[in-house]
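> Below is the sequence, then the predicted model.
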Amino acid sequence: MTFTIIFLIAFIASFGLRYWLAQRQIRFVAKHRVSVPAEFASQITLADHQKAADYTVAKLQLGILESGLGAIVLIGFTLLGGLQILNTFLLESLGPGIVQQIALLISIVLISGVIDLPFSWYKQFSLEERFGFNRMTKSLFFSDMVKGAGLGAVIGIPLLWIVLSLMARAGDFWWLWAWGVLSVFSLLMQWIFPSVIAPIFNKFQALEEGALKTQIEALLTRCDFASQGLFVMDGSKRSAHGNAFFAGMGKAKRIVFFDTLIEKLNPGEVEAVLAHELGHYKCNHIRKRLLVSFAMSFAMFAILGWVSAQPWFYSGLGVMPNPSGYNGGLALALFMLVAPVFSFFLTPLSSLSSRKHEYEADGFAAEKSSANDLISALVKLYQDNASTLTPDPIYTAFYSSHPPAPLRIANLKRLT
Ligand SMILES: [Zn+2]
């Protein structure tokens, strides 16, 4: 009972906070819709500014709806007994054992996926379409979905099987082993992602010879950065939003530009954007993020190891532990559903550290490339992506991985 009350308090606080933050952001953006902020007045038209405000508000409203439904589904699975019904049904049809536990977890993923489907569909073909960002066809939407599910099954089921076997056989410290397996696995994924996973969804072509390539190679030499080649990805087949990133680890690092980025920016601006990304690498942000995520997953597994052996964890969330005493899948399912309610409160910490990293990477770009080029690239990207220039400060402090546009540009101006 006590745990039910703790869960309900966290549940109400976390969904209430989500709603309050979204409403704040909507009001703030709407209030500043009437005029372009003075420092952007010469580059961004009122029409573009208002489009960004409308796009931001439309996304937030959809997010509120989605989070409301998520709250209902969560309570449905837990306190209202959905998970209990599902577990009993699968126990009766499959009998106890690892197959039943895997079936339970797959059912939850499938049910959540089906509930989410109308939202993804609406987002892509109504919301993004309305603002001119959608480039995806309906057949691509379905082929992405089928590929994603297939990949999830090929990778997820064996991994689940390993974790559930460890839970059943590795004793009290099963969670330490499971954490080790998952950590090694995630490193492996980072390593094989660019050459094995990414090509399933996109085409990658070597960057053409020419002025841009020469300029980028000079930047790489200047930054002493070894990569396994420069690639252009056909991001335009899904969305008009542009980006640049690298993928892979160690010697397998690839630099990837979205074709939409190269269309929109001039070579100097592309170079500045890449210099920013190199900054993340050179300032060790990527390594730090990886270490933090290992530490976080260690803590999560330790908590899971503890709560999965406590009867109140099950009964407090509306589930009866299995009579066989083998509850691995049930514990994993409950934990997957409930942990985000609690971990949500850590969001501002990770946002804060991410914004700090963005400033550092901007500093690196200003030093190795050009702060002015980065400013003009950012203004073009804000405009093209219809990102709001006037976010609510509290919403930003909580969620934003990047500093708000005016602060970020003011900082870059100091570095020119
Ligand atoms: Zn960045």
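In hand now; what should we look at?

> Output the below-cut-off pLDDT ranges for this structure.
Segments of the chain classed as low confidence (criterion: pLDDT under 70) are 242, 244, 246-252, 323-324.

> try 80
1, 228, 240-253, 322-326 (pLDDT under 80).

> Enumerate the residues of it near the ion.
Selection of the chain residues close to the ion by Cβ under 5 Å from the ion yields Glu358, Ala361. For every residue, glycine as well, the C-beta is placed using N, CA and C.

> ok, which stretches of the chain are strands?
If DSSP state E is used as the criterion, the strands of the chain fall at 204-206, 230-233, 244-247, 254-258.

> Partner strands of the shortest one, with direction?
Strands that pair with strand 204-206, judged by DSSP bridges, come out as strand 230-233 (antiparallel).

> which stretches of the stretch 51-200 of the chain form helices?
Assigned helices in the stretch 51-200 of the chain, in chain order: 82-94, 98-122, 129-130, 138-169, 174-192, 198-201 (criterion: DSSP state H, counting those that start in this stretch).

> Need those in JSON lines (columns: mean neighbour count).
Converted to JSON lines, the helices of the stretch 51-200 of the chain look like this (neighbours: other Cβ atoms under 10 Å):
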{"stretch": "helix 82-94", "mean neighbour count": "16"}
{"stretch": "helix 98-122", "mean neighbour count": "16"}
{"stretch": "helix 129-130", "mean neighbour count": "13"}
{"stretch": "helix 138-169", "mean neighbour count": "14"}
{"stretch": "helix 174-192", "mean neighbour count": "16"}
{"stretch": "helix 198-201", "mean neighbour count": "14"}
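
> Could you dump those helices into CSV with distance to Ala361 added?
CSV is the format used below for the helices of the stretch 51-200 of the chain (distance: least, Cβ to Cβ, whole Å):
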stretch, distance to Ala361
helix 82-94, 43
helix 98-122, 31
helix 129-130, 33
helix 138-169, 30
helix 174-192, 19
helix 198-201, 23
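
> need the contact list for the residue lying closest to Ala52 once chain neighbours are set aside.
Of all residues not flanking Ala52 in the chain, Ala386 sits nearest, at 4.2 Å (Cβ to Cβ, 6 or more residues apart in numbering). If a contact means Cβ atoms under 8 Å, 6 or more residues apart in numbering, then Ala386 has Asp48, Lys51, Ala52, Tyr55, Thr56, Phe131, Phe133 as its contacts.

> Ala333: how many residues sit nearby?
Using other Cβ atoms under 10 Å, Ala333 is surrounded by 23 other residues.

> pretty sure it is touching Ile106, no?
No - Ala333 sits out of contact with Ile106 when judged by Cβ atoms under 8 Å, with a separation of 10.3 Å.

> possible to save the strands of the chain as CSV with mean neighbour count?
As requested, those are exported to CSV (neighbours: other Cβ under 10 Å):
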stretch, mean neighbour count
strand 204-206, 12
strand 230-233, 21
strand 244-247, 18
strand 254-258, 22
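
> As TSV, the ones you listed with distance to Ser165 would be great.
Formatted as TSV, these follow (distance: least, Cβ to Cβ, whole Å):
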stretch	distance to Ser165
strand 204-206	37
strand 230-233	38
strand 244-247	31
strand 254-258	35
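
> Using PDB, list the CA coordinates for stretch 116-130.
Extracted in PDB, the C-alpha atoms of stretch 116-130 (Å, rounded to 0.1, in the frame of the first residue of the first chain):
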ATOM      1  CA  ASP A 116       1.400   5.100 -30.500                       C
ATOM      2  CA  LEU A 117       0.800   4.400 -34.200                       C
ATOM      3  CA  PRO A 118      -2.100   7.000 -34.700                       C
ATOM      4  CA  PHE A 119       0.100   9.600 -33.100                       C
ATOM      5  CA  SER A 120       3.200   8.900 -35.300                       C
ATOM      6  CA  TRP A 121       0.900   8.800 -38.300                       C
ATOM      7  CA  TYR A 122      -0.800  12.100 -37.400                       C
ATOM      8  CA  LYS A 123       2.500  13.800 -36.600                       C
ATOM      9  CA  GLN A 124       4.100  12.800 -39.900                       C
ATOM     10  CA  PHE A 125       1.200  13.200 -42.400                       C
ATOM     11  CA  SER A 126      -0.800  15.900 -40.800                       C
ATOM     12  CA  LEU A 127       1.400  18.100 -38.500                       C
ATOM     13  CA  GLU A 128       4.700  17.900 -40.400                       C
ATOM     14  CA  GLU A 129       2.800  18.000 -43.700                       C
ATOM     15  CA  ARG A 130       0.900  21.100 -42.700                       C
END
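
> Show me what it is in contact with.
Here stretch 116-130 has contacts from Ala58, Lys59, Leu62, Leu65, Glu66, Asn134, Met136, Lys138, Phe141, Ser239, using Cβ under 8 Å, 6+ apart.

> number of nearby residues for the closest residue to the first one other than its chain neighbours?
Right, the one you point to is Ala58. Counting by Cβ to Cβ, 6+ apart, Ala58 lies nearest to Leu127, which is 5.6 Å off, once chain neighbours are set aside. Under the neighbour criterion other Cβ under 10 Å, Leu127 is assigned a count of 17.

> before we move on, what about Leu65?
Leu65 is surrounded by 12 other residues when neighbours are defined as other Cβ under 10 Å.

> Show the contacting residues for it.
Applying Cβ under 8 Å, 6+ apart, one finds that Leu65 lies in contact with Phe119.

> mind checking how far Phe294 is from Leu8?
Here the distance between Phe294 and Leu8 works out to 31 Å (Cβ to Cβ, to the nearest Å).

> Does the closest residue in space to Asn202 that isn't next to it in sequence have any beta-bridge partners, and if so which?
The spatial neighbour of Asn202 that comes closest, neighbours along the chain excluded (Cβ to Cβ, 6+ apart), is Met233 at 5.0 Å. Beta-bridge pairing of Met233 under DSSP bridges involves Phe204, Phe258.

> Good, wrapping up.
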